[in-house]
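K.L.:
build me a model from this:
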Amino acid sequence: MGIGSNDGRFDSGRVCLDLVAARPEGPEELGGWLTAAGLLPSGTPLGAVNAPWVAPFRELRDCVAGLVDAQIDRRTGGPAPVRRGAPDGALTRLNEFAASAPPAVTAVRDDDGELVRAPIARPECAALLAAVARDAVDLLTDPVARARLRRCEGDGCHRVYLDTSRGRRRRWCSSEVCGNRERVARHRRRAALTRA
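P.N.:
Predicted coordinates:
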């Protein structure tokens, strides 16, 4: 799965968690992901997004994943499905990424007179990393948001999401994807028992 695709889904509730679900493979995919995630306004030239950008986005993804796993483990008392690095080292790197200034944004009017974000003339890697890192810092330091972190219960899915559902009973990263797979599997099990 490429970082640009993110399975076409941005349903985790936070851009930093959407990065955790992504797998950077190349600059084209990274540029597509940055645009789809809303970090780069439509029309931003992606020529500046090049191969050296991929490694720091992967590193940031792993830092956020390790810290999120540690938070969920602390709350639930269970081990993470996959350990992604030492939380202390991840916290240091997250703070380093967050220290840069995020991208400057400007509002302009589109052809219909509506206000939209202007394309960024030359996006900078450190600024975009800072935007995602600051989102992670905000998430991890907010006790209410942190308490809403969940792991998808879908079979074989390791996505993490922010549960903002009524009653906090959301079980899947996506009802349409993992939830539907679970319902189909449950139906097949019942049908097999009926035939047996």
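
K.L.:
only C-alpha atoms from now on, for both contacts and neighbour counts.
P.N.:
Fine.

K.L.:
ok, Val105 - how many residues close by?
P.N.:
Counted with other Cα atoms under 10 Å, residues neighbouring Val105 total 12.

K.L.:
quick one: residues contacting it.
P.N.:
Val105 makes contacts with Arg117, Ala118, Ile120, as judged by Cα atoms under 8 Å, 6 or more residues apart in numbering.

K.L.:
angles on the backbone of it, please.
P.N.:
Main-chain dihedrals, Val105, degrees, to the nearest 10: phi -120, psi 150.

K.L.:
and the helix or strand that Thr194 is a member of, what's its mean pLDDT?
P.N.:
Using DSSP states H and E, Thr194 falls within helix 180-195. Helix 180-195 shows a mean pLDDT of 71.

K.L.:
ok, back up a step: select from the contacts of Val105 every entry located in helices.
P.N.:
Taking DSSP state H, every one of the contacts of Val105 sits outside helices.

K.L.:
columns distance to Gly38 and neighbour count on top of these, output as a markdown table?
P.N.:
Shown next, in a markdown table, are these (distance: Cα to Cα, whole Å; neighbours: other Cα atoms under 10 Å):
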| residue | distance to Gly38 | neighbour count |
| --- | --- | --- |
| Arg117 | 10 | 16 |
| Ala118 | 12 | 17 |
| Ile120 | 12 | 18 |
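
K.L.:
which one of those residues sits closest to Arg170?
P.N.:
Checking the contacts of Val105 against Arg170 by Cα to Cα gives Arg117 as the nearest, at 32.6 Å.

K.L.:
in space, what's closest to the closest one - neighbours in sequence excluded?
P.N.:
Nearest non-adjacent residue to Arg117, counting by Cα to Cα, 6 or more residues apart in numbering: Ala107, 4.6 Å away.

K.L.:
ok, the one you found - contacts?
P.N.:
For Ala107, the residues meeting the contact criterion (Cα under 8 Å, 6+ apart) are Leu115, Val116, Arg117, Ala118.

K.L.:
and it, what are its phi and psi?
P.N.:
The phi/psi pair for Ala107 (degrees, to the nearest 10) is phi -100, psi 140.

K.L.:
distance check, it against Ala51.
P.N.:
29 Å (Cα to Cα, to the nearest Å).

K.L.:
low-confidence stretches in this structure?
P.N.:
Across the chain, the ranges flagged by pLDDT under 70 are 1-8, 78-86, 172, 174-177, 179-180, 183-185, 187.

K.L.:
for it, which helix is longest?
P.N.:
Longest helix in the chain, counting by DSSP H: helix 51-76.

K.L.:
after that one, which helix or strand is next?
P.N.:
Downstream of helix 51-76 (by DSSP H and E), the next one is helix 87-98.

K.L.:
and that following helix with helix 51-76, angle?
P.N.:
The directions of helix 87-98 and helix 51-76 differ by 130 degrees, with axes from the mean of the first three to the mean of the last three Cα atoms, to 10 degrees as the criterion.

K.L.:
and the contacts of helix 87-98?
P.N.:
By Cα under 8 Å, 6+ apart, helix 87-98 touches 60, 62-64, 66-67, 70, 126, 129-134, 137.
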